[in-house]
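1. Model the following, please.
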Amino acid sequence: MAQSSVQATMQETRAAQPSPGKRRSNLRLRSIFYGILAAIVVTALIAIGSRGFHWFDAALIGYAVATVFAVAAVTYKYSFWLMRPPTGRYWKRSWQLFLSYANFRRYTTLIPGAIGDLFVQSFIRRRGLYRWLTHQCIFWGVILSCLITFPLTFGWLRFTQTTTGLYQVWFFGFPLIVFPVASVQGFVLYHALDITALILFVGLVLAFHRRFHDLALIAVQRFRFDLVPLALLMAIAVTGLALTADSSWLRGSYYWYISLVHEAVVVLWLISLPFGKFFHLIERPATVGIELYWRTGEETEKQHCARCGQEFAPVRFIQDLKKTLYEVGENYTLRDTPALPEQKLAANASPLERETSKLWWQDLCPSCKRVMRGQANLAALGREGNKFL
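-> Residues are numbered from 1 along each chain as shown. A predicted model of the protein is given here:
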């Protein structure tokens with residue numbers, strides 16, 4: 001009787017919840033709102049940094065509009081990604097662990113180390129030196145180019161000449177440094193984008209060489225998703241270097257045409273950024289929290305396999321996994337099996353807590369899962385061996 005009442009309560013709770021389609025629509029509307037809000041913030045920063053658009057170069061309007069669109073689209077997609085049950089749960093849990101004073105005191109070097117690993121990309125280095133050099137060149141070529149291009153485009157960074165013939169650097173309307181034009185410092189500042197374009201060019205050459213000669217990669221790569229983003233970056237690097245070559249050696253004879261092509265490919269890349277391969281540049285920093293999540297879980301209570309009793313994963317990880325699966329409509333409860341003995345539920349426990357307290361497939365270690373599959377195959381053939389214990 002009690003079991004039937006619990007089932008009835010669960011059915012009523014599920015009926016009161018919005019349908020998956022409606023819930024997804026609500027999340028999409030919230031993500032659109034965040035994207036519009038991000039676009040407004042970027043536009044306001046452009047206005048503030050350029051002192052009311054006074055130092056904004058109207059010739060760069062295409063870059064600015066494409067950047068605002070890219071920021072809005074990236075925010076929309078990123079927020080929608082974070083509001084999904086799997087990523088949302090681990091995202092919130094990671095922040096809870098990060099803001100914990102006990103974890104901060106115990107794992108002081110963990111977060112800096114994870115951030116350093118993100119920039120050095122040692123996880124790729126373990127796969128091979130060639131791939132690591134390729135990713136490092138593309139990563140730093142793109143990041144450094146963006147850090148230079150966006151402030152110049154928005155009017156945040158500008159150069160003026162003083163009465164003494166020196167050059168003054170301004171940022172957000174505030175003076176920074178003064179340097180001679182013919183100095184090493186001046187050469188590096190004026191050719192910073194050329195340096196980053198060369199770094200990017202080296203990485204792209206290595207990437208194209210691998211994609212055209214690695215048979216295993218050729219078999220699975222997709223033209224639109226894998227090759228087009230690299231081709232756009234190559235066009236950006238080549239046309240950017242061509243602008244400097246034309247102004248230095250050809251007296252700007254073709255500068256207008258090259259600059260127009262350069263702007264077109266940059267705009268295309270920015271528009272495609274939220275929907276293509278390079279969106280993982282924005283997703284990847286979220287994995288820093290996963291490192292903290294797993295490391296802190298390893299030193300807490302471990303999950304014991306319901307079949308053999310061996311420890312195989314943190315309890316927190318298994319419980320979060322079961323809750324996430326339940327929220328997306330996936331129930332892997334093992335039928336005709338007893339409930340977990342260590343689970344003690346309160347009288348007012350929610351349907352989610354009641355359901356995840358049962359014995360799930362996730363409560364078995366990998367070895368026992370293989371045994372269970374073998375037993376299921378034997379049972380399907382009409383043989384013995386289909387018992388749980």
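2. how many neighbours does the nearest residue to residue 132 once chain neighbours are set aside have?
-> Excluding its sequence neighbours, the residue lying closest to residue 132 (Cβ to Cβ, 6 or more residues apart in numbering) is residue 125, at 4.2 Å. (Each C-beta comes from the backbone N, C-alpha and C, glycine too.) Neighbour count of residue 125, defined by other Cβ atoms under 10 Å: 15.
3. how near is the residue nearest to the spatial centre of the chain to residue 233?
-> Nearest residue to the geometric centre of the chain (Cα atoms, centre = their mean): residue 283, 0.1 Å. Distance, residue 283 to residue 233, using Cβ to Cβ, to the nearest Å: 18 Å.
4. do the same with residue 71
-> 19 Å.
5. Those two - which one has more neighbours?
-> Shown here are residue 71 and residue 233; by other Cβ under 10 Å, residue 233 has more neighbours (24 against 20).
6. tell me which element that one is part of?
-> If you go by DSSP states H and E, residue 233 is part of helix 228-249.
7. How about residue 158?
-> Going by DSSP H and E, residue 158 is part of strand 157-161.
8. Ok, residue 369 next?
-> helix 366-380.
9. still on that earlier bit, mind checking pLDDT for the residue nearest to residue 132?
-> Here the pLDDT value assigned to residue 125 is 85.
10. how close does it get to residue 317?
-> Taking Cβ to Cβ, one finds residue 125 at 27 Å from residue 317.
11. do residue 206 as well
-> 37 Å.
12. what about the helix or strand harbouring the residue nearest to the centre of the chain, average pLDDT?
-> In this structure, residue 283 sits in helix 280-283 according to DSSP H and E. Across helix 280-283, pLDDT averages out at 78.
13. Pull out the buried residues from stretch 84-101.
-> Within stretch 84-101, the residues that qualify as buried are 87, 90, 91, 93, 94, 97, 98, counting by 16 or more other Cβ atoms under 10 Å.
14. again, but for stretch 302-319
-> 303, 304, 305, 306, 307, 312, 313, 314, 316, 317, 318, 319.
15. cool, stretch 153-165 as well?
-> Neighbour-count burial for stretch 153-165 [16+ other Cβ under 10 Å]: 153, 154, 155, 156, 157, 158.
16. what does stretch 221-239 give?
-> Neighbour-count burial for stretch 221-239, counted by 16+ other Cβ under 10 Å, picks out 227, 228, 229, 230, 232, 233, 234, 235, 236, 237, 238, 239.
17. Tell me who's in contact with the fifth one.
-> What that stands for is residue 232. With contact set as Cβ atoms under 8 Å, 6 or more residues apart in numbering, residue 232 has these partners: 265, 268, 269, 272.
18. now, among the residues you listed, which is nearest to residue 248?
-> Ranked by distance to residue 248 (Cβ to Cβ), those are led by residue 265 at 21.2 Å.
19. Could you measure from the residue lying closest to that closest one once chain neighbours are set aside over to residue 48?
-> For residue 265, ignoring the flanking residues on the chain, the nearest one in space by Cβ to Cβ, 6+ apart is residue 235 at 4.2 Å. Going from residue 235 to residue 48 by Cβ to Cβ gives 32 Å.
20. again with residue 168
-> Counting by Cβ to Cβ, the separation of residue 168 from residue 48 is 20 Å.
21. any low-confidence regions in the stretch 251-389 of the chain?
-> 287-289, 291, 294, 297-300, 335-353, 383-389 (pLDDT under 70).
22. hey, where'd the strands end up in it?
-> Listed in chain order, the strands of the stretch 251-389 of the chain (DSSP state E, counting those that start in this stretch) span 302-304, 311-314.
23. Which elements pack onto the longest one?
-> Yep, that's strand 311-314 we're talking about. Under the contact criterion of 3 or more Cβ pairs under 8 Å, 6 or more residues apart in numbering; DSSP states H and E, strand 311-314 touches helix 287-298, strand 302-304.
24. Check which helix or strand the closest residue to residue 221 other than its chain neighbours maps to.
-> Of all residues not flanking residue 221 in the chain, residue 211 sits nearest, at 6.1 Å (Cβ to Cβ, 6+ apart). According to DSSP H and E, residue 211 maps onto helix 192-213.
25. Return the set of buried residues in that helix.
-> Neighbour counts over helix 192-213 (16+ other Cβ under 10 Å) mark 192-193, 196-204, 206-207 as buried.
26. Could you pick out the longest helix of this protein?
-> Secondary structure of the chain per DSSP state H: the longest helix is helix 20-49.
27. ok, then the element right after that one?
-> Moving toward the C-terminus from helix 20-49, the next helix or strand (DSSP H and E) is helix 61-82.
28. helices or strands next to that following helix in the packing?
-> So helix 61-82, by 3+ Cβ pairs under 8 Å, 6+ apart, packs with helix 20-49, helix 85-98, helix 129-154, helix 255-272, helix 280-283.
29. average pLDDT across the first one?
-> Right, the one you point to is helix 20-49. For helix 20-49, mean pLDDT is 88.
30. What residues of it count as buried?
-> Neighbour counts using 16+ other Cβ under 10 Å place 27, 31, 34, 35, 38, 39, 42, 43, 46, 49 of helix 20-49 among the buried residues.
31. Likewise for the third one?
-> By 16+ other Cβ under 10 Å, the buried positions in helix 129-154 come out as 131-132, 134-142, 144-145, 148-150, 152-154.
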